[in-house]
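3D, please:
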Amino acid sequence: MGPLRKRGRSAWMADKDRGRQQEERSTEPANPREHVREMEGHLREMGDYLRRMGERLRQLDEHLSHLEEQDDRAVDSGRGWPTGG
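Numbering: from 1, shown residues only. Below is the predicted model of the structure:
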């Protein structure tokens, strides 16, 4: 199986994203409704990010299970080293 591909956004924000967020924070919304709309947008973005990260974690868990199965088969057949676990 080939190396895992990098997917999704990095957990670390780029400097330009931090700067953009600081600029957004420095300008207060004109009214509460605008603020609510902005917060809804942020929450949607966060939800999307969490869904992508959840999917990535599921993929990594499946990959780890596959590797553990391969390791167990190798140990059982005498071709691998026991891991002590």
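
the bottom helix or strand of this protein by mean pLDDT?
In the chain, the helix or strand scored least confidently by mean pLDDT, DSSP states H and E is helix 15-26, which has a mean of 62.

now the element after it, going C-ward?
With elements assigned by DSSP states H and E, the helix or strand that comes after helix 15-26 is helix 32-76.

give me the mean pLDDT for that following helix.
If you average the pLDDT over helix 32-76, you get 94.

that helix packs against which elements?
Using 3 or more C-beta pairs under 8 Å, 6 or more residues apart in numbering; DSSP states H and E, no helix or strand is in contact with helix 32-76. C-betas here are computed from N, CA, C, even on glycine.

tell me the pLDDT of G80.
According to the prediction, G80 has pLDDT 70.

isn't it up against A74?
Yes - applying C-beta atoms under 8 Å, one finds G80 in contact with A74, separated by 3.1 Å.

R79: which element?
Going by DSSP H and E, R79 is not in any helix or strand.

i'd like the first residue to be 7 from this point on
Sounds good: first residue 7 from here, last item R85.

residues near it, how many?
Per other C-beta atoms under 10 Å, the neighbour tally for R85 reads 8.

angles on the backbone of it, please.
R85 adopts backbone torsions of phi -90, psi -20, taken as degrees, to the nearest 10.

and it, how close does it get to E46?
According to C-beta to C-beta, to the nearest Å, R85 and E46 sit 56 Å apart.

next: D77.
For D77 relative to E46 (C-beta to C-beta), the value is 46 Å.

who has more neighbours out of those two?
Neighbour count, other C-beta under 10 Å: between D77 and E46, D77 has more, with 15 against 10.

hang on, that one packs against G86?
Yes - with contact defined as C-beta under 8 Å, D77 reaches G86; the gap is 6.0 Å.

next, count neighbours for R43.
Residues contacting R43 under the criterion other C-beta under 10 Å number 12.
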